[in-house]
Structure formats: structure tokens, C-alpha cells
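Colleague: Need a 3D model of the sequence below.
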Amino acid sequence: MLYRTCAIIIRSMDYGEGNKIVTLLTEGGGKAGVIIRGAKKARSRHGSLAQPFTYGEFVYFKGNSGGLGTLNHGEIMESHHLLRERLELAAYASYAAELTDRSLQEDESDPFLYAQLKACFEALQADKDPQIVSHVYEMKILQRAGYDPQLDNCVSCDSEDAPFMLSVGSGGVLCRRCAHRDPYAIRLSDGTLKVLRLFRRMDLRRLGSIALKPETKEEVKKAMRRLLDAHLGLQLKSRNFLDQLDKYEI
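Modeller: Numbers count the residues shown, from 1 in each chain. Predicted coordinates for the structure are as follows:
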């Protein structure tokens with residue numbers, strides 16, 4: 001059967017002497033593996049279609065027995081070349097792509113996630129703060145996985161009285177009176193809590209300019225890491241590289 005779809009390349013790997021296998025996140029929100037024959041050859045007309053983070057239209061044939069498809073034709077709509085040329089952007093784009101690939105099962109489909117990843121790459125390409133873009137996208141991943149944190153009131157007693165502690169095991173924040181329920185809960189400053197609430201409501205397609213103080217960014221990063229590690233538990237090579245990059249920049 002012949003398929004035609006707009007898609008984003010979230011993974012690309014060598015296959016044989018001259019071919020590549022790409023994983024597409026299609027506009028329908030599902031993943032598709034496609035062989036691009038001859039993509040590694042210097043004069044290949046499809047070589048640029050095998051680059052990570054590329055957004056384009058792909059036409060591929062896939063047999064009824066399943067397995068990988070074979071590219072027939074493709075057209076690049078946005079190459080996102082800056083996401084491959086600049087080290088920091090490449091690191092964040094790789095993280096978003098790997099997080100998507102690992103959190104979405106082969107038989108799942110999520111058009112909203114496709115739209116959010118597309119917007120994520122566009123925001124990175126537009127030179128918006130990559131850490132903020134990344135955290136908003138992480139929040140979208142958590143929400144689609146069913147782990148949307150409750151941040152407006154205490155998960156135990158429903159109190160709206162600050163200060164709050166973030167309890168990943170409880171699925172949200174605990175007030176001062178209920179904080180004893182989780183000895184591993186971490187304190188959230190008012191600024192950090194406001195930012196996390198904003199990220200919950202935000203759609204990456206409407207992301208504006210957000211500027212945060214360094215200490216707030218560090219607290220947000222710590223909170224998001226806690227949530228991701230507790231609920232998804234994914235070991236990602238791209239995240240390890242991001243951590244190394246942070247240390248190098250310091």
C-alpha cells in the first residue's frame with residue numbers, strides 16, 4: 001500500500017552500505033519506519049530527506065505484512081538545518097526527538113503530540129530559550145502519558161494556601177500541613193510554581209517570549225526532572241549529553 005503523509009524525522013540510522021532507516025512521526029501522530037535507499041550516497045536525490053528533525057511530505061510503500069516501508073518520493077518543507085548545525089540546539093532537538101520516540105509506543109497515535117513536537121522544533125529554530133522550550137515539551141509529554149501534575153491546590157486536602165511542596169509520588173503539590181506525607185517532597189518557590197502552572201496550560205504553538213531568572217530556571221529543571229524520572233523512568237542518551245553540555249558551559 002502507498003502512503004502519503006507529512007511527517008517529522010525523529011530518528012535516522014545507517015542501514016547497509018548506502019541506505020538509511022528513518023523513524024517518522026506522522027501528522028496522524030503515529031510512528032512509521034521507512035528505508036531511504038541510497039540516502040548515504042553523494043549524489044542521492046533523497047539524502048537530505050534522511051536528516052534528523054526534517055519536516056516534509058513523504059510518500060512510501062509498505063506491504064500488508066507490516067515492517068518497514070520504502071520511500072518512493074519526498075519533499076522537504078522545513079529542513080531545520082540550524083538544529084543540526086548549532087551544538088546546543090542539536091542537543092535539545094535530539095532530546096525532544098528521543099523523548100518522543102521512547103514515550104510513544106509503536107501502535108499509538110497522538111496528533112496533538114505531533115503538533116507540539118513540530119512547534120517545539122520551530123521554537124528552537126526561532127532561537128527561543130531552548131531550556132524553556134524543552135520544559136514545556138516535557139510537560140506535554142507528561143500530560144499525554146496521564147501524569148498531569150496537580151499544581152493549583154494540595155493533592156491531599158485541596159488547600160490553596162502556599163507555600164507548597166512538590167510531591168511526585170502524590171501527583172502534585174502538598175501544602176504545609178500535608179507536607180509530612182512525603183519526606184521526599186521538594187519546596188517550590190512562588191516563582192517556580194507560577195512557571196510550572198503556566199507550562200501546564202501552554203500550547204507550544206502559541207509560545208511567546210519567556211525570560212526567567214537563573215535560580216528559577218534551575219528550580220524548574222529540578223522539578224521537571226523529578227516528575228519525568230518518577231513517572232516515565234526513561235534513560236535517555238540525549239539527556240545525559242545535555243547534562244554534560246551544561247557542565248561544559250559552566
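Colleague: where in the protein is pLDDT low?
Modeller: 249-250 (pLDDT under 70).
Colleague: Which parts of it are strands?
Modeller: 2-15, 19-26, 31-36, 55-61, 69-78, 164-167, 172-175, 186-188 (DSSP state E).
Colleague: could you dump the ones you listed to JSON lines with distance to residue 133?
Modeller: Where C-beta positions appear, they are placed from N, C-alpha and C, glycine not excepted. Listed next are those as JSON lines, based on distance: least, CB to CB, whole Å:
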{"stretch": "strand 2-15", "distance to residue 133": "15"}
{"stretch": "strand 19-26", "distance to residue 133": "17"}
{"stretch": "strand 31-36", "distance to residue 133": "22"}
{"stretch": "strand 55-61", "distance to residue 133": "16"}
{"stretch": "strand 69-78", "distance to residue 133": "16"}
{"stretch": "strand 164-167", "distance to residue 133": "21"}
{"stretch": "strand 172-175", "distance to residue 133": "24"}
{"stretch": "strand 186-188", "distance to residue 133": "21"}
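Colleague: now, of the ones you listed, which is deepest in the fold?
Modeller: strand 164-167 (a mean of 24; mean count of other CB atoms under 10 Å).
Colleague: Using CSV, write out every CA atom in that one.
Modeller: Extracted in CSV, the C-alpha atoms of strand 164-167 (Å, rounded to 0.1, in the frame of the first residue of the first chain):
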residue,chain,number,x,y,z
PHE,A,164,3.7,24.3,48.5
MET,A,165,6.0,21.2,48.2
LEU,A,166,6.1,19.2,45.1
SER,A,167,5.4,15.5,45.7
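Colleague: List the strands paired with it, with their directions.
Modeller: Strand 164-167 pairs in its sheet with strand 172-175 (antiparallel), strand 186-188 (antiparallel), by DSSP bridges.
Colleague: Show residues contacting it.
Modeller: When contacts are defined by CB atoms under 8 Å, 6 or more residues apart in numbering, strand 164-167 is touched by residues 149, 151, 154-155, 172-175, 179, 181-182, 184-188, 193, 223, 226-227.
Colleague: redo that, cut-off 7 Å
Modeller: Under the contact criterion CB atoms under 7 Å, 6 or more residues apart in numbering, strand 164-167 has outside partners 155, 173-175, 179, 182, 185-188, 193, 223, 226.
Colleague: so what's the residue of the chain positioned farthest from its centre up against?
Modeller: Distance to the chain centre peaks in the chain at residue 177, reaching 35.1 Å (criterion: CA atoms, centre = their mean). For residue 177, the contacting residues are residue 157, by CB under 7 Å, 6+ apart.
Colleague: just residue 36 next, same as before
Modeller: 19, 20, 22, 46, 49, 50, 71.
Colleague: And the most centrally placed residue in the chain, how close does it get to residue 83?
Modeller: Centroid check for the chain by CA atoms, centre = their mean gives residue 96 as the closest residue, at 3.1 Å. Counting by CB to CB, to the nearest Å, the gap from residue 96 to residue 83 is 10 Å.
Colleague: try residue 92
Modeller: Distance, residue 92 to residue 83, by CB to CB: 8 Å.
Colleague: Between the two, which contacts overlap?
Modeller: Common contacts of residue 92 and residue 83 (CB under 7 Å, 6+ apart): residue 124.
Colleague: what about the residue nearest to the centre of the chain, distance to residue 235?
Modeller: Distance from residue 96 to residue 235, by CB to CB: 16 Å.
Colleague: Likewise for residue 60?
Modeller: Taking CB to CB, one finds residue 60 at 31 Å from residue 235.
Colleague: what does residue 148 give?
Modeller: 23 Å.
Colleague: Compare these two and say which is more crowded by neighbours.
Modeller: Between residue 148 and residue 235, counted using other CB atoms under 10 Å, residue 148 has the larger neighbour count: 15 against 8.
Colleague: what's residue 229 in contact with, if anything?
Modeller: So residue 229 contacts nothing (CB under 7 Å, 6+ apart).
Colleague: Check residue 137 too.
Modeller: By CB under 7 Å, 6+ apart, the contact set of residue 137 is 96, 116, 120, 204.
Colleague: Thanks a lot, catch you later.
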